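In: Got a predicted model here, sequence first, then my questions.
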Amino acid sequence: MGTSSRLPECVPSSDHHSLQVSMSLAVLQYPAGTTNPPHTHPLSAELLFLIDGTLQVGFLDTTNKLFNQTLQAVDIFTFPKGLVHFLYNAETENPAVAISAFGSVNAGTVSILITL
C-alpha cells in the first residue's frame, strides 16, 4: 500500500490566538549621485535586493561601528531593526533600482538630522 502526504491545513484557533504575519515592499529608484540619508526603521528590519546598478550601503551598530558595502546588481543586504543606515548611488551616470522588504506593514521611518 502506498503512502500519501498532506499539506498542513490552516484552521482558525478556538482560543483566539492567531499568528498574524505582515510585510511591506517598496521599489526604490536612485538616480545617479543621489542618496537616501541616514534613517532608521524602529519597527522592522529591512532586506534590500538590488535589481540594477550599484549602491553604497551601510549601517551603524549599537557601538557606533560602521558596516558598509558596495552592492552590485542581484546583491542582497540586511539592515537590522532600529539601526541607523544609509544608501548612496555614487555612479555619475547610471541609476540604481532596488526592492526593500520590511517585516511589518508599517516599519516606521525616523530621519536622522545631520549637522555639518
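Out: Looks like it arrived, so ask away.
In: Report pLDDT for V21.
Out: pLDDT recorded at V21 is 71.
In: The most centrally placed residue in the chain pairs with what?
Out: In the chain, the centroid-proximal residue (CA atoms, centre = their mean) is E46; its distance is 2.3 Å. The bridge-partner assignment for E46, based on DSSP bridges, gives F79, F102.
In: Quick check, it in contact with A98.
Out: No - proximity of E46 to A98 does not meet the contact threshold set by CB atoms under 8 Å, at 10.4 Å. In this view, the C-beta of every residue, glycine as well, is placed from N, C-alpha and C.
In: re the thing from before, tell me the contacts of the residue nearest to the centre of the chain?
Out: Taking CB atoms under 8 Å, 6 or more residues apart in numbering, we find E46 in contact with T78, F79, H85, S100, A101, F102, A107.
In: Could you measure from it over to N94?
Out: E46 sits at a distance of 23 Å from N94 (criterion: CB to CB, to the nearest Å).
In: Direction included, what does the helix or strand of the chain with the lowest mean pLDDT pair up with?
Out: Lowest on mean pLDDT, DSSP states H and E among the helices and strands of the chain sits strand 110-111, with a mean of 90. Strand pairing for strand 110-111, determined by DSSP bridges: strand 35-40 (antiparallel).
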